[in-house]
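*Asks:* Next input, structure requested:
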Amino acid sequence: QAEAVSTVAVANCQSSVSSVSSVSSVSSPSHITNGVPILGNKLKVAMVHPDMGIGGAERLVTDCALALQDLGHEVVVYTPHCDPRRCFSEVLPRHLGGVVSCVVVNTMIPFTIFGAFQG
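*Replies:* Okay, here's the model as predicted:
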């Protein structure tokens with residue numbers, strides 16, 4: 001279910017990126033527009049995804065993060081699981097050649113429950 005929510009959120013990435021680029025064109029040095037902090041023309045964007053493995057939703061999250069970075073925004077992807085041996089090269093740690101900041105956060109939510117719910 002969490003992956004479905006993430007997929008829905010990222011499926012609108014193209015229109016969101018267009019909206020973000022138009023919002024970020026505001027020339028004020030530092031303020032809040034529509035609840036989004038804007039620092040100059042640069043946004044700080046946090047994305048959350050349950051597992052940054054290799055799959056369609058993960059590809060969309062990665063592509064959206066890359067598109068936002070290309071527009072000059074600072075993007076961080078937060079996830080409870082990202083295995084460097086099984087993820088897209090863009091979300092690898094920086095010292096291994098990754099270009100998207102991917103932060104693994106510990107959560108109280110287990111990755112599996114008695115072996116069920118594995119992706």
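
*Asks:* going forward, measure contacts and count neighbours with C-alpha atoms only.
*Replies:* Fine.

*Asks:* Show me the helices in the protein, by range?
*Replies:* 2-11, 13-23, 56-70 (DSSP state H).

*Asks:* which of those helices has the lowest average pLDDT?
*Replies:* When the helices of the chain are compared on mean pLDDT, helix 2-11 scores lowest, with a mean of 41.

*Asks:* contacting residues for the residue nearest to residue 103 when sequence neighbours are not counted?
*Replies:* Distances taken as CA to CA, 6 or more residues apart in numbering put residue 78 closest to residue 103, at 4.9 Å, once the chain neighbours are dropped. Listed by CA atoms under 8 Å, 6 or more residues apart in numbering, the contact set of residue 78 reads 46-49, 102-105.

*Asks:* out of those, which is most surrounded?
*Replies:* Neighbours here mean other CA atoms under 10 Å. Within those, the largest count is held by residue 102, at 24 neighbours.

*Asks:* so how far is residue 115 from the residue lying closest to that one once chain neighbours are set aside?
*Replies:* Of all residues not flanking residue 102 in the chain, residue 77 sits nearest, at 4.7 Å (CA to CA, 6+ apart). The gap separating residue 77 from residue 115 is 26 Å, by CA to CA, to the nearest Å.

*Asks:* what do you get for residue 68?
*Replies:* Residue 68 is 36 Å from residue 115, by CA to CA.

*Asks:* if you count what's nearby, which of those two comes out ahead?
*Replies:* residue 68 (24 against 7).

*Asks:* Touching, that one and residue 77? I think so.
*Replies:* No: counting by CA atoms under 8 Å, residue 77 is not a contact partner of residue 68; they are 11.8 Å apart.

*Asks:* ok, and the closest non-adjacent residue to residue 42?
*Replies:* Nearest non-adjacent residue to residue 42 (CA to CA, 6+ apart): residue 73, at 5.0 Å.

*Asks:* In contact with the one you found, which residues?
*Replies:* If you count contacts by CA under 8 Å, 6+ apart, residue 73 has them with 42-45.

*Asks:* Return the closest of those with respect to residue 61.
*Replies:* Taking CA to CA as the measure, residue 61 lies nearest residue 45 of the contacts of residue 73, at 12.1 Å.
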